[in-house]
Structure formats: C-alpha cells, structure tokens
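Visitor: Build me a model:
(2 chains)
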Amino acid sequence: MAPTVLVVFGFAVLPFLAVVLFAFLDVRLVDIPRLYLDELDFTGDNIAAVWGSPRFWSAAGTTVVYAGASSAGAVLVGLAVALALRRPFRGRGLVRALVLVPYVLPVVAAATIWKTLLNPGYGLVNAVGTEWLGWREPIAFLTTTSRDLGPVEVPVALTTVIAFEVWKTFPLAFLFITARLQVVPGDIEEAAQIDGAGKTRVFWHLLLPQLAGVMALLAVLRFLWSFQNFNDIYLLTGGAGGTEVLAVRVYTELVVRANIGTAGATGLLMTGMLLGVVAVYAWMIKREKA
Amino acid sequence: MRSTEDRVLGVLRWAVIAVAVTVTAGPLLYGALLSLRPFQSVVSEPLELFPAPGELTFASYPTAMAEYGLGGNMWNSLQVALATAALAIVLSVLGAYAAVRLRFFGRNAVNVVFLGVYLLPGIVLAVPLFVLLSRLGLTGSLAGLVFVYVAQTVPVALYMLRTYLVAVPSSVEEAAMIDGCGRLALIRRVVLPMALPGVAATALYVFMIAWNEYLFALLFLVADRDRWTVSLGIAQLTEFSVPTTVLMAGSIAITVPVVAGFFLAQRLLVTGLTSGAEKG
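Guide: Okay, the predicted model is just below:
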C-alpha cells in the first residue's frame, strides 16, 4: 500500500496543494528555473485578476451550458437507446456493441473524423446539406459563433461540441440504464398491462421512478466530467467560435500567456465550482434519505 | 389486436435503433472508407462514400506511418502505455489488496483521497505537474509522462481491482497461510491467479487510457517531435495541410488496438476462476 499511496500523493495530492500555492504567487513560466521554496512572494492579485475578468465569467457561463446540455443529452439519449434495445431481437448483441463505438474510440481519432465530416470543403455533412437539403452555402460548424435561423440565434460551434460530447458519452449512460433495466422486476409491469395500462403509462409510472436514481447519478457524474473537459473542445475548435470553456482558459493562461499564477487561480476557482456541485448533490441525497 | 400506441412505439423503436447504429458506427466506417481513397477523389466527389472500382488504395497508411512519422509516434505510445499499465497494476494490486484485507490506520481517509483524485480536473493538476516536471527537467521525457499517467490511473485501477479481489474467498487465503505461505507469496501465488481475468481487464483498461491520452502529452512533449505519442502526432498533423486521407488512416490505425483490447477485456470478464474453489 505504501508505494501506491506515495505515487498518488506525489503526482495528484501534492500537485493540487501546489495549485493552491501557485494561485497566490506571482510566477510566470520563465521564473521556473529560479523558483525556490524559501523565497516566494504571496499575492492575492491572481485571484482578483481572474475574478474581475469578463473572459473568465463568459467562459464559466459557456462551461455551465456545455456541461449541463451535454450531460442531460447523454442521459436522455442513453435512456432512449436502452429502452429501444430492451426487448431481445436478432442482432441485438451486435447493435449493442456498435453503439459503444463512440465511447471506446480514442478522442483524437473521433475528433479528427468529426472535423473531416464537418469540413466545409469536402465533408460529408456539408456535401449532403448543399446537394440534397438545399443549403445555400456550406456551414463552418466549428468556427461559426452564431447563426440566425428565423426567430432564434443558434450558437453553431457550441451546439456542435455539445453534440460531439453527447455522442461520445451517451454509451456510458446506455450501459448503466440497461443494467438497471435488467433488474426491474417483470411481474408488476405485467400486472399493470393486464389491467389495461398502455406502454407509455407503464413507462411514466413504473419504469421511470425506478430509473430515476441511476439517471440522476449519471447526470451528476457526466456534469462533473464535462465541466472539466479539455480534450474534446480543444481538439475540435481550439476554443474558437464561442466555445471557450474554463479548461481551455486554464490551458491558455498556462501555455499561451505563460502565467502560472493566473492559470492556478483559474483552476482553483474551477475546482471550487465543482466542489459546489458535489456538495449540492450530497445535500440532495441526504435530504432524500432523511 | 395491437393498439395505436403500440404501433407508434414499435415504429419509433426501430427508428431509434436505426439512427443510433448509423450515428455511432457511421463515422468510424466513414473514416475507414476515406482512408482507402485517393485525396483528390475525396475532394472532388465528397458524396461518393465507397471507393470507385480501381481507385481503392492503401497508400495512405504507409504515408502516414513513414512520411508523417506516425509509425515512430506509435512506438512511443506503445512503450508509454505498456509501462503505465505494468506500473499501475503492480501498485494497485498491492493497494487494492491492502484496502480489501488489511485494517490499517487512516484507511478511510486514503479511500476518500483516491476518490477525490478521480474527480479532480486533469487540467487543474496539469498546471503544477507542468511546473514540477519543468523544474526537474523531465518535460520532453517519456518517463515523466509515464509517472503522470500512473498517478492518474491508479485510483481507477484500484477501484476496479478491489471488486475482483473481494471475490477471492478469504478461506482459500487462510488455508494457504496455515500451510505457511507469506503475505507477498500469497498475493503472487494465490490471489493473483484467482483474480487474473479481472487483473488483465484492468491492465487493458489502463493501457487504453494511456494510449488515448492527449492533454499531458500535449503539455509535456509538444516541443520534441521525436517523442510525440501517436494521439499527439495526429492532433498536431491536423494543424498543417496534411491530406485528410492520411489523417483518417492514422485515426483508424490508433483505433484498431483499442477496439481489439476492448472486446478482449469483455471476454476476460465473462469468465471467472473463483467459482468452485471452495468446497461445500
């Protein structure tokens, strides 16, 4: 046990404490070679700078929309597919395996394929759209911030990265909901059907209440993971087109602006928000049990 | 006599299944098909999905591997992922065994910390790890990357392994100990063989995480092209005007081991060795 704890502490717990430290230090990347523990200047400037920056708050808003929409989408799509595949049919095993493809696909491969699919020049989606669906021009899905569609403004790039996240993560929801469906006792459902309840009513009054717990847990977990997602968005848009989320901001502060202090402060505030979500969820669970 | 409701739901069901299969497997198939066509034909005929007779070509694969250096990158990824899986398994078998069988001070605290690490944003940890490894001069080294991956995967591996180790009956262990078996020998000779399918599945899972990882590879290795992992390599190539057919070939090439590993892991988990180990 000792070596295990050592590695995890060394590469996960200590670093987190270091984030807290950096958030209150005035350090840049160039200072690293001359960084010693005994001569640190503490300052609240980083937190203040990040807190007062409109870019941080717009990124925070984008992150909440992104995480909320993609976790809700993933759970709902997972539920729909799990219900559709509930009763056995020939080839169900194959369909189940195929549905898991987005989940096991390496993120870089998935993003590269999507970028090609959505390419305005030779991508399949735009080719189908202009050829058969009567689009006047190809849509640059990954760089367009917003687009007028009659009454509503659609944030194109943000919607696209949300769709990607739903696509990539709904198989997890599908697996969990399927597992839960398998232990739903069949006799109550049968009784309800004999008494004349239609399938929709059986779903609302019998199935959904039993699935609610696992769906809520999945939604929270997916929210936490999507909230911190860096790879998918960075690979697809690089944060352009109104898709700059907090994780991308941390990266920009760290690598592009080479400012460890503000990167740490952004990361710290981000972690604080996550802890807030966890606390609310824990409180809700507790209240339900009481 | 079926009601209207049943008929509508029946149609809806097949619609959902059809859309789900198209949307999930479609992109992978699309990538695979594009990788087999010449780039010129993809640009001029984007709607032609299947390679026309006579234009089927595998040339994109050697081009991606040799000319664009993805072959070397794959070798780096393989080394990193194998080292990560091996180290993570050794550490988490010991850890998981301790968590299951031994009572020690602070056990619950350690569990909470591990769960916390699992939920903590990778991008937040990236800041200090980047600073630390720069300070130690380990950026640009594959060894530094392996340590980061091990720390990231050990908590997950521990959780997975715990469930498999719990399934090993403690009476078998007690029997071995009465026969004079020590703790480490016990783990190696009794516990591991019995939990082997679970251990192998966990190792594959860790291997896949390391093989797919992108963020830390980007942070630590981007300056040194010879050390790029294959995920980083493909992502970097998309920044340049590399023909998409080559990118598709690369994407398919990194996907094949993952998909193979996934199905292998599923196979392994179906069979358990513990059934029938105890008498009566």
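Visitor: Contact partners for residue A:238?
Guide: By C-beta atoms under 8 Å, 6 or more residues apart in numbering or on different chains, the contact set of residue A:238 is residue A:248. Where C-beta positions appear, they are placed from N, C-alpha and C, glycine not excepted.
Visitor: and it, helix, strand or coil?
Guide: coil (DSSP: H, G, I helix; E, B strand; the rest coil).
Visitor: how near is it to residue A:193?
Guide: 52 Å (C-beta to C-beta, to the nearest Å).
Visitor: hang on, residue B:268 packs against residue B:201?
Guide: Yes: in this structure, residue B:268 is within contact of residue B:201 by C-beta atoms under 8 Å, at 4.8 Å.
Visitor: In chain B, where is pLDDT below threshold?
Guide: Within chain B, the segments meeting pLDDT under 70 span B:1-2, B:101-111, B:113-115, B:117-118, B:269-280.
Visitor: For chain A, what's its nearest residue on it.
Guide: residue B:151 (3.0 Å; C-beta to the nearest C-beta).
Visitor: burial of that residue, as a residue count?
Guide: Other residues lying near residue B:151 total 25 when counted by other C-beta atoms under 10 Å in any protein chain shown.
Visitor: Which parts of chain B belong to which domain?
Guide: B:4-34, B:68-270 (automatic domain parsing).
Visitor: How about the first one and chain A, touching?
Guide: Yes: Domain B:4-34 lies in contact with chain A when judged by C-beta under 8 Å from any C-beta of the partner chain; the contacting residues are B:5-6, B:9, B:12-14, B:16-17, B:20-21, B:23-25, B:27-28, B:30-31, B:34.
Visitor: Stretch B:143-160: which residues count as buried?
Guide: B:144-160 (16 or more other C-beta atoms under 10 Å in any protein chain shown).
Visitor: Of the residues you listed, which belong to strands?
Guide: Counting by DSSP state E, no part of the buried residues of stretch B:143-160 is found in strands.
Visitor: which SSE is residue B:93 in?
Guide: Element membership for residue B:93, per DSSP states H and E: helix B:70-101.
Visitor: The stretch 101-250 of chain B: helices as residue ranges?
Guide: Assignment of helices within the stretch 101-250 of chain B using DSSP state H, counting those that start in this stretch yields the ranges B:107-119, B:122-136, B:142-166, B:170-178, B:183-186, B:192-194, B:196-212, B:215-221, B:230-237, B:244-270.
Visitor: Tally up the residues packed near residue A:104, please.
Guide: Residue A:104 sits with 18 neighbouring residues when counted by other C-beta under 10 Å.
Visitor: ok, back up a step: which of the domains of chain B sits most buried?
Guide: domain B:68-270 (a mean of 19; mean count of other C-beta atoms under 10 Å in any protein chain shown).
Visitor: got the residues of the stretch 151-280 of chain B near chain A?
Guide: Proximity of the stretch 151-280 of chain B to chain A, by C-beta under 8 Å from any C-beta, involves residues B:151-152, B:154-155, B:158, B:208, B:211-212, B:214-215, B:219, B:231-232, B:234-235, B:238, B:244, B:247-248, B:250-252, B:254-255, B:258-259, B:262-263.
Visitor: Kindly report the residues of the stretch 101-250 of chain A close to chain B.
Guide: By C-beta under 8 Å from any C-beta, the part of the stretch 101-250 of chain A that sits against chain B consists of A:101-102, A:104-117, A:119, A:121-124, A:126-128, A:131, A:167, A:171, A:198-200, A:224, A:227-228, A:230-231, A:235, A:247, A:250.
Visitor: Now the buried members of these.
Guide: A:101-102, A:104-117, A:119, A:122-124, A:126-127, A:167, A:171, A:199, A:224, A:227-228, A:230-231, A:235, A:247, A:250.
Visitor: The helix or strand harbouring residue A:83: which residues count as buried?
Guide: Here residue A:83 sits within helix A:54-84, counting by DSSP H and E. Across helix A:54-84, burial judged by 16+ other C-beta under 10 Å covers A:56, A:59-60, A:62-64, A:66-75, A:77-84.
Visitor: State the helix or strand in which the residue nearest the centre of chain A lies.
Guide: Per C-alpha atoms, centre = their mean, the C-alpha nearest to the average position across chain A is that of residue A:226, at 1.9 Å. Applying DSSP H and E as the criterion places residue A:226 in helix A:208-227.
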